[in-house]
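Peer 1: Just need the structure, nothing else, for what follows:
(chains A, B, C and D)
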Protein chains: 2
Amino acid sequence: MKRLTLEEIGQIAGVSRSTVSRVINGHPNIRPAVRQRVEDVIRQTGYQPNSAARSLASSQSRVFGLVMPSLMQSAFADPYYPMVIQAISHACNQHDYTPALFLFQTLEEEEKTSQRIVASGMIDGLIVTADTIESTFVSKIQQYDIPFVQIGRPLQSSIAEISYVDVDNEAGAYLAASHLIQLGYRRIGQLATAHNIAGAHRDAGFRQALADRSLPVDESLIEVSDFSEAGGYDAMRALLERGPEAVFAHSDAIALGAIRAIRDRGLKTPNDIAVVGFDDMPLAASADPPLTTVRQPIYRTGTLAVETLIDIVKTSPAPARHIVLPVELVIRASSGAVN
Amino acid sequence: MKRLTLEEIGQIAGVSRSTVSRVINGHPNIRPAVRQRVEDVIRQTGYQPNSAARSLASSQSRVFGLVMPSLMQSAFADPYYPMVIQAISHACNQHDYTPALFLFQTLEEEEKTSQRIVASGMIDGLIVTADTIESTFVSKIQQYDIPFVQIGRPLQSSIAEISYVDVDNEAGAYLAASHLIQLGYRRIGQLATAHNIAGAHRDAGFRQALADRSLPVDESLIEVSDFSEAGGYDAMRALLERGPEAVFAHSDAIALGAIRAIRDRGLKTPNDIAVVGFDDMPLAASADPPLTTVRQPIYRTGTLAVETLIDIVKTSPAPARHIVLPVELVIRASSGAVN
DNA sequence: ATAGATATTGAGAGCGCTCTCAAATTCTTG
DNA sequence: CAAGAATTTGAGAGCGCTCTCAATATCTAT
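Peer 2: Alright, predicted model coming up:
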């Protein structure tokens, strides 16, 4: 199947290259009859404009980069990222953008690839997930004038200039902790995560909930974990020594690991120790026991990131957009409120 | 930061556009002194060739498409796909290719997007995952002359012309079933998956193992599930009515669901019913009980898909490549062979 | 030193599109 | 129905690169 050009389509339809271009790009001021004729030829031939030529002439590619900097192997086991990717992919398809994927497992990989993508003009905008506090990726791309939005909140230092879509982690943790407090638990532990801003916000919400009830925070009841099930298991094992009555885990995977640790110790959830998670992944509802957790709109986050980026690209230079999505507490058996 | 062009780099280095181009593309026959000078200028200016112009002139984009056609929501919950994506992303970075992601949740989405990507010249090659038997995506892109490799085996009808990277599902299932037989189980059930070729192969291997020991296959002990934990739970509940002694699940997620169903019924794994899974996901080792499972080299599959595609692109037209990777049985507690 | 071979460089013509600007056509209106 | 306004169309330049081909510089052997 030989690839046709604008010129050839014009020839067939009896018009010039320019006119065909206008039809394709939906410009006004074309006689309906001509537009019809050209559209027919395009449909019949299955013509598809060459994207490289288009990019070169218009200096925009309709490609968005999805960057996940300094991604740990483990992070991908958590269904959070797959869900974000799925949402972004879908939104891009919807708006005729192509998502290009950049996962960086090492700093070296990040260095090598990032300059290529940012400076080559291959990409119209970037969606960056902000996981680790240490990541320097965002500050690096700020030096280029490429539009981007971050998923998750940026560091305080640059929060004003950066567009982001985030969920209200602080409120979510506040809800979770309040729920446990209301149920009468007092020795409430936390299976926290470090090095990520979401974790810092969840920690803050947790502490605020306790403070608002004038309860002290027992630092010895806070264990740090990564986002994996295994991490939750290990952290909970350590925490068990100090006899918590309930724990708030920073993710459902961690919560599941915690429940397993509790069971392995011969104890029961929630009878002996109540557990609340964060995310509301599909597995949460069918866990044993079903998990009380903070539901965050992951899919919506991805969709909004794309839509925000499109908006920024269109109106650039544009003021930074800040979107924070609400979360809700989903009460199930693991916290002891229902069976 | 103003974007430079080849011409300008040449000006600075005191050579022509052509020479700079040669340096960048590693052509021979450039005086070392000149090459050095040009490279210095490139490094100092941080020059990056415009990828659209490059694509247009050379008619290759160094972009690969990663297509997952007719993807069910649930499929992504299984860590299989995320792992494949991660492997492909990494291999692409390594070889200076950019992976573009195309996930299709509906046939409509597939139709709309697929023509755009194959016919626009935006993409040099395609990696396609073959999940459902019904998918028509592969037969559609065969009509274009775009290089592609499939992950998973194609349908018998077109297997000769299509390049693929697959794991030996049949051998894996054979190993799993043989293991259970050797342990003395006779009423061996299967939590199978339908509509996918991998599932068909696993089913075949399972049957072969029984046949080789002259054991009959009890069709009533075969339940169909999707690839999710919840699916495994439901299928196992149904299967429990028929009193199997052991089950072979087509994925670890299914196996985990089965174990939960068994526990909910007040029975124990493996004491009452042995379970073997397939995949060896990270969670398998830390499951309760740890899961005996067939380990498939998922990451390697992704890497090889990229490398094979690069090879095909380079030598096109090329004969189809067929790669089938070995699997191994990982014996843990859930099958009752160890504690 | 010099012809001939070889290595190195530059000029020029595209790649297929967009976009501006001027030409051609059609529509108004007195 | 002509003149001016408004609409519709086409020609041409250029986006920044690659690649061929011819020109120039360098090397070799006599």
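Peer 1: Going by C-alpha atoms from here, please, whenever you check contacts or count neighbours.
Peer 2: Fine.
Peer 1: Quick one: the strands in the stretch 51-200 of chain A, in order.
Peer 2: Applying DSSP state E, counting those that start in this stretch to the stretch 51-200 of chain A gives strands spanning A:63-68, A:98-103, A:125-129, A:148-151, A:163-167, A:188-193.
Peer 1: who wins for proximity to DNA strand C among the ones you listed?
Peer 2: Relative to DNA strand C, the nearest member of the strands of the stretch 51-200 of chain A by C-alpha to the nearest atom of the strand is strand A:63-68, separated by 14.9 Å.
Peer 1: Other residues contacting that closest one?
Peer 2: A:97-104, A:122-130 (C-alpha atoms under 8 Å, 6 or more residues apart in numbering or on different chains).
Peer 1: Keep only those residues that also lie close to chain B.
Peer 2: Subset of the contacts of strand A:63-68 in contact with chain B: A:Thr98, A:Pro99, A:Ala100, A:Leu101, A:Phe102, A:Leu103, A:Phe104, A:Met122, counting by C-alpha under 8 Å from any C-alpha of the partner chain.
Peer 1: how deep is the last one tucked in, by neighbour count?
Peer 2: It refers to A:Met122. 27 (other C-alpha atoms under 10 Å in any protein chain shown).
Peer 1: one step back: which pair of the ones next to chain B among the contacts of strand A:63-68 spans the longest distance?
Peer 2: Farthest-apart pair in those is A:Thr98 and A:Phe104; separation 19.3 Å (C-alpha to C-alpha).
Peer 1: re earlier: tabulate the strands of the stretch 51-200 of chain A (TSV), appending mean neighbour count, distance to B:Asp78 and mean pLDDT.
Peer 2: What follows is the strands of the stretch 51-200 of chain A, written out as TSV (neighbours: other C-alpha atoms under 10 Å in any protein chain shown; distance: least, C-alpha to C-alpha, whole Å; pLDDT from 0 to 100):
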stretch	mean neighbour count	distance to B:Asp78	mean pLDDT
strand A:63-68	22	20	96
strand A:98-103	26	19	96
strand A:125-129	24	21	95
strand A:148-151	25	23	95
strand A:163-167	25	24	96
strand A:188-193	26	23	96
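Peer 1: between those strands, which gets nearest to B:Pro79?
Peer 2: Closest to B:Pro79 of those is strand A:98-103 (C-alpha to C-alpha; 15.9 Å).
Peer 1: What helices and strands are in contact with the closest one?
Peer 2: Packed against strand A:98-103 by the contact rule (3 or more C-alpha pairs under 8 Å, 6 or more residues apart in numbering or on different chains; DSSP states H and E) you find strand A:63-68, helix A:80-94, helix B:80-94, strand B:98-103.
Peer 1: mind putting the ones you listed in JSON lines, distance to DNA strand C included?
Peer 2: Compiled in JSON lines, the helices and strands packed on strand A:98-103 are given as follows (distance: least, C-alpha to the nearest atom of the strand, whole Å):
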{"stretch": "strand A:63-68", "distance to DNA strand C": "15"}
{"stretch": "helix A:80-94", "distance to DNA strand C": "19"}
{"stretch": "helix B:80-94", "distance to DNA strand C": "25"}
{"stretch": "strand B:98-103", "distance to DNA strand C": "21"}
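Peer 1: which of those sits most buried?
Peer 2: strand B:98-103 (a mean of 26; mean count of other C-alpha atoms under 10 Å in any protein chain shown).
Peer 1: Get me the contact residues on chain A for DNA strand D.
Peer 2: Within chain A, the residues that sit near DNA strand D (C-alpha under 7 Å from any atom of the strand) are A:14-19, A:28-31, A:34, A:53, A:56-57.
Peer 1: The closest residue to A:Thr269 other than its chain neighbours: how many residues sit nearby?
Peer 2: Residue nearest to A:Thr269 in three dimensions, not counting chain neighbours: A:Ser334, with 5.9 Å by C-alpha to C-alpha, 6 or more residues apart in numbering or on different chains. Applying other C-alpha under 10 Å, we find 28 residues neighbouring A:Ser334.
Peer 1: got it, and A:Val275?
Peer 2: 32.
Peer 1: beta partners for it?
Peer 2: Beta-bridge partners recorded for A:Val275 (DSSP bridges): A:Val247.
Peer 1: what sits against it?
Peer 2: A:Ala246, A:Val247, A:Phe248, A:Ala249, A:Ala255, A:Ala258, A:Ile259, A:Thr269, A:Leu291, A:Thr292, A:Ser334, A:Ser335 are the contacts of A:Val275 under C-alpha under 8 Å, 6+ apart.
Peer 1: Mark which of these are part of helices, please.
Peer 2: A:Ala255, A:Ala258, A:Ile259 (DSSP state H).
Peer 1: Just the buried ones among those residues, please.
Peer 2: Among those, the ones that count as buried by 16 or more other C-alpha atoms under 10 Å in any protein chain shown are A:Ala255, A:Ala258, A:Ile259.
Peer 1: hang on, the earlier thing: distance to B:Leu283 added to the strands of the stretch 51-200 of chain A, as CSV?
Peer 2: As requested, the strands of the stretch 51-200 of chain A are arranged in CSV below (distance: least, C-alpha to C-alpha, whole Å):
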stretch, distance to B:Leu283
strand A:63-68, 23
strand A:98-103, 22
strand A:125-129, 24
strand A:148-151, 27
strand A:163-167, 27
strand A:188-193, 19
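Peer 1: how about those strands, which one is nearest B:Asp226?
Peer 2: Taking the strands of the stretch 51-200 of chain A one by one with C-alpha to C-alpha, strand A:98-103 is closest: 27.6 Å.
Peer 1: tilt between the closest one and strand A:125-129?
Peer 2: 40 degrees (axes from the mean of the first three to the mean of the last three C-alpha atoms, to 10 degrees).
Peer 1: ok, and what's touching strand A:98-103?
Peer 2: Residues contacting strand A:98-103 (C-alpha under 8 Å, 6+ apart): A:62-71, A:88-89, A:92, B:86, B:89-90, B:93, B:98-102.
Peer 1: Name the spans of chain A whose pLDDT lies under the cut-off.
Peer 2: A:1-2, A:70-75, A:131, A:339 (pLDDT under 70).
Peer 1: Domains in it, by residue range?
Peer 2: A:6-49, A:63-168+A:299-326, A:169-296+A:329-335 (automatic domain parsing).
Peer 1: residue contacts, A:His250?
Peer 2: A:Gln190, A:Leu191, A:Ala192, A:Thr193, A:Gly199, A:Arg202, A:Phe227, A:Gly277, A:Phe278.
Peer 1: for DNA strand C, what are the nearby residues on chain A?
Peer 2: So far as C-alpha under 7 Å from any atom of the strand goes, chain A lies against DNA strand C at A:4-7, A:17-18, A:21-22, A:24-25, A:48-51, A:53-54, A:56-58.
Peer 1: Count the residues that sit near the residue of the stretch 201-339 of chain A found nearest DNA strand C.
Peer 2: Residue nearest to DNA strand C within the stretch 201-339 of chain A (C-alpha to the nearest atom of the strand): A:Lys314, separated by 12.6 Å. Close neighbours of A:Lys314, defined as other C-alpha under 10 Å, add up to 10.
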